[in-house]
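> got a predicted model here, sequence first, then my questions.
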Amino acid sequence: TVLAISDLHNNPAALNFIDKVIQTFQIDVIIDTGDITDYGTGLESELVKKVAGLPVPCLFVPGNHDNPQVVAAMREAGALVLDDQRLEVAGLRVMGLADPASRSPFMEVAPEKELREAGKSGFEKLFEQSSPPDLVAAHNPLMVHDFTGRVPLIITGHTHRPSVSFDQGTWSVNPGSVGAAGIRGLQSPGEQMYSLAILYFEEAGSGNKGLT
C-alpha cells in the first residue's frame, strides 16, 4: 500500500493529515514527488526532518522548490532520495527522476525543453526491458512522456490539482498538493484542496506488481 504525496510547500498542517492516513490505511511506503518546501531555508528544513521521520519508509523525488540543501536534509533525516535512480522497496521496483531545478539554489521552473530532455535521459539511462520498474515518479509531468505505455504507473506532482488518467496501459496519478499549496494557496483564486492518493498493489505474475 503506497501513499503518494506531493507539494507540501512548507505547510505543517499536512503532517497530521499524513500521519492519520498512515495509521488508518496501514501504509507500507510513502512516495513524495517533491516541492516539500518553498524557499529551502534552514527553518524549513526542520519540517523536512519531520516528514522523513514518519513511521514508514519515505521515498523522496526532488521538485523545483527543493534545492540541494533540502535534498541533503531529507537524506540526512533518513529519506530514500531518488535523484535519477532505481531501487526496490516494499517489493516494488521504483524509478525516480529528480527535477533539474533541484540541483540549483534558485528554485525556478526549468524550461519545457530541459524538462523533456531530462525525462528522456532518465529513460535511456534507467529503463531496462528485462526488469522494467513497477512505477516511475517525477515532480513535473513533462518529464514522464517517454514512460507512457512502458510502465504500469506514473506518479507526478507540480500542478497542485489531483488527477487520474489511463493511456496505453499506463495509469498516471497526480496526488495534488498535500499541503494545499502552502502559503501560495492563500494567494490563488479559488479553493486549494489538501489531497493525496493511496495506491494498492498486488502480485501480477512474473514477479511484477500490478496496481489494483
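Looks like it came in fine.
> in the longest helix seen in the chain, which residues are buried?
The single longest helix within the chain, with elements called by DSSP state H, is helix 112-126. Under the neighbour-count criterion of 16 or more other CB atoms under 10 Å, helix 112-126 has 115-116, 118-119, 122-123 buried. The way it works is simple: take the backbone N, C-alpha and C, and place the C-beta from them, glycine included.
> what do you get for stretch 20-34?
For stretch 20-34, by 16+ other CB under 10 Å, it's 21-22, 27-34.
> can you give the distance from it to the centre of its chain?
Using CA atoms, centre = their mean, to the nearest Å, the distance from the centre of stretch 20-34 to the centre of the chain it belongs to is 12 Å.
> follow-up on the earlier one: now for the longest helix of the chain, which elements pack on it?
Counting contacts by 3 or more CB pairs under 8 Å, 6 or more residues apart in numbering; DSSP states H and E, helix 112-126 is packed against strand 92-97.
> averaged pLDDT, the strand it packs on. What do you get?
Throughout strand 92-97, pLDDT has a mean value of 97.
> one more: stretch 56-63?
97.
> against Pro162, how distant is the nearest residue to Gly157 once chain neighbours are set aside?
Using CB to CB, 6 or more residues apart in numbering and skipping residues adjacent in sequence, the residue nearest Gly157 is Ser6, 2.9 Å away. Per CB to CB, to the nearest Å, Ser6 is found 9 Å from Pro162.
> if you count surrounding residues, which of the two has more?
For Ser6 versus Pro162, neighbours defined as other CB atoms under 10 Å are more numerous around Ser6 (32 against 16).
> dihedrals phi and psi, that one?
Ser6 adopts backbone torsions of phi -160, psi 160, taken as degrees, to the nearest 10.
> mind listing what it touches?
32-35, 63, 139, 155-158, 174-178 (CB atoms under 8 Å, 6 or more residues apart in numbering).
> most neighbours out of these, which is it?
Ranked by neighbour count (other CB under 10 Å), the contacts of Ser6 have Asp32 at the top, with 35 neighbours.
> Val51 should be in a helix, yeah?
Yes - counting by DSSP: H, G, I helix; E, B strand; the rest coil, Val51 is part of a helix.
> skip the chain neighbours and tell me the closest residue to it.
Using CB to CB, 6+ apart, the nearest residue to Val51 is Ile36, at 6.3 Å.
> any idea how far that neighbour is from Gly149?
Taking CB to CB, one finds Ile36 at 30 Å from Gly149.
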